[in-house]
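Participant: Pasting the sequence and the predicted coordinates here, then a few questions.
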Number of protein chains: 2
Amino acid sequence: MEHRIDRIKKQLHAQSYKLTPQREATVRVLLEREEDHLSAEDVYLLVKEKAPEIGLATVYRTLELLSELKIVDKINFGDGVSRYDLRKEGAAHFHHHLVCMECGSVEEIEDDLLEDVEKIVQSDWGFQVKDHRLTFHGVCRNCQLEAAKKTQTS
Amino acid sequence: MEHRIDRIKKQLHAQSYKLTPQREATVRVLLEREEDHLSAEDVYLLVKEKAPEIGLATVYRTLELLSELKIVDKINFGDGVSRYDLRKEGAAHFHHHLVCMECGSVEEIEDDLLEDVEKIVQSDWGFQVKDHRLTFHGVCRNCQLEAAKKTQTS
DNA sequence: TATTAATTTATAATTATTTTAAATTACAGA
DNA sequence: TCTGTAATTTAAAATAATTATAAATTAATA
């Protein structure tokens, strides 16, 4: 954890940004909740526990900055809210998501899966791919089991 | 065109929704600008040319409704605006997008491309895929050519 | 430790979208 | 063709998400 904070500190300094306590607290929240997909508001509420004086606007600015530095990825699952997702260290590409239409859960897929597709896009469309966003909407394992149970009992 | 309007009318009636002039005007705009990725505001301005009395809220409601009926797909490219994209007739899945980070242009890909990936997601993650959203961010052919020109002259 | 550019705060403004209640209207059925 | 009714629109206000502003503060270099 401290190691990653340190690296982020260096990334900030490299572009003459400062690591303020507010920014550090925000990064810590993101590291602690790496599995989640927090909205700015979510992050704000969690950061407040560490740094009660922080303002929501600061959280927004920090998340925007971390986004520029490719430390977090901003994503939107179709509700009107942006969510912020920490990029895995050393990951070249953004990971994928499985959004359950029944229960709303979000699962992450680290595997690339798109290598072949990107090659086709490059060669057939002449489009130079820099990043991607891939989200599957469907029914997660749990909800499938639930549905199966209901069918049996009824 | 009239044929598609008729089909949409039937889809509405099947769920006891009405085809009001406002809805028809909205659908016509979407059909005429099928290649584009219009925001609600964009649609509103275009619909106003056909039906000047229409309100923005009505456009939002209509787009929401068409979304539910799977006539349009709602998508978000990362600016804070939802965009509405007419589903091709008979298309099982939502098409993909190539968003140019230089000029902001958006190109569409009709080809499925994800069949294999979806099979893997189903078998390895037990996730039942119903739909997807795939967007590539990168540099379009034009902007690559522009960049190449600049390198030559300088 | 002094300087200065970067940052935060607090507040207000903006933008996107949704809600509400009253007035209107599409359309199934007489 | 007319009518009743549920669905819809309008107009306006409310809400939610995000961004901008100016004054006060502060991190980090020299």
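Facilitator: Nice, I can see it. Numbers count the residues shown, from 1 in each chain, chains lettered A, B, ... in the order given.
Participant: Within range of DNA strand C, give me the residues from chain A.
Facilitator: A:12, A:16-18, A:20, A:22-23, A:51, A:53-55, A:57-58, A:61-62, A:80 (Cβ under 7 Å from any atom of the strand). Every C-beta, even on glycine, is put in place using the N, C-alpha and C of the backbone.
Participant: Need the max-distance pair from the residues you listed.
Facilitator: Farthest pair in these (Cβ to Cβ) is A:S16 and A:G80. Separation: 34.0 Å.
Participant: more neighbours, the two?
Facilitator: Shown here are A:S16 and A:G80; by other Cβ atoms under 10 Å in any protein chain shown, A:G80 has more neighbours (9 against 6).
Participant: Roughly how far does the closest residue to A:M1 other than its chain neighbours sit from B:D36?
Facilitator: The shortest distance from A:M1 to any non-neighbouring residue, by Cβ to Cβ, 6 or more residues apart in numbering or on different chains, is to A:L31 (5.8 Å). A:L31 is 41 Å from B:D36, where distance means Cβ to Cβ, to the nearest Å.
Participant: same deal with A:Q11?
Facilitator: Distance from A:Q11 to B:D36, by Cβ to Cβ: 38 Å.
Participant: buried residues in the longest strand seen in chain A?
Facilitator: Taking DSSP state E as the criterion, chain A has its longest strand at strand A:128-139. By 16 or more other Cβ atoms under 10 Å in any protein chain shown, the buried positions in strand A:128-139 come out as A:Q128, A:V129, A:H132, A:R133, A:L134, A:T135, A:F136, A:H137, A:G138, A:V139.
Participant: name the helices or strands packed onto it?
Facilitator: On a contact count with 3 or more Cβ pairs under 8 Å, 6 or more residues apart in numbering or on different chains; DSSP states H and E, strand A:128-139 meets strand A:96-100, helix A:115-125, strand B:128-139.
Participant: now the helix or strand just after it against strand A:128-139, angle please.
Facilitator: Sequence order places helix A:141-153 as the next helix or strand after strand A:128-139, per DSSP states H and E. Interaxial angle of helix A:141-153 relative to strand A:128-139 (axes from the mean of the first three to the mean of the last three Cα atoms, to 10 degrees): 20 degrees.
Participant: and helix A:141-153, does that touch chain B?
Facilitator: Yes: using Cβ under 8 Å from any Cβ of the partner chain, helix A:141-153 reaches chain B at A:R141, A:Q144.
Participant: still on that earlier bit, of A:L31 and B:D36, who's got more company?
Facilitator: Shown here are A:L31 and B:D36; by other Cβ under 10 Å, B:D36 has more neighbours (17 against 14).
Participant: List the residues that contact that one.
Facilitator: By Cβ atoms under 8 Å, 6 or more residues apart in numbering or on different chains, B:D36 lies in contact with B:D42.
Participant: Give the burial count for A:T62, as a bare number.
Facilitator: 24.
Participant: A:G78 against B:S67, yeah?
Facilitator: No: under the criterion of Cβ atoms under 8 Å, A:G78 makes no contact with B:S67, lying 9.8 Å away.
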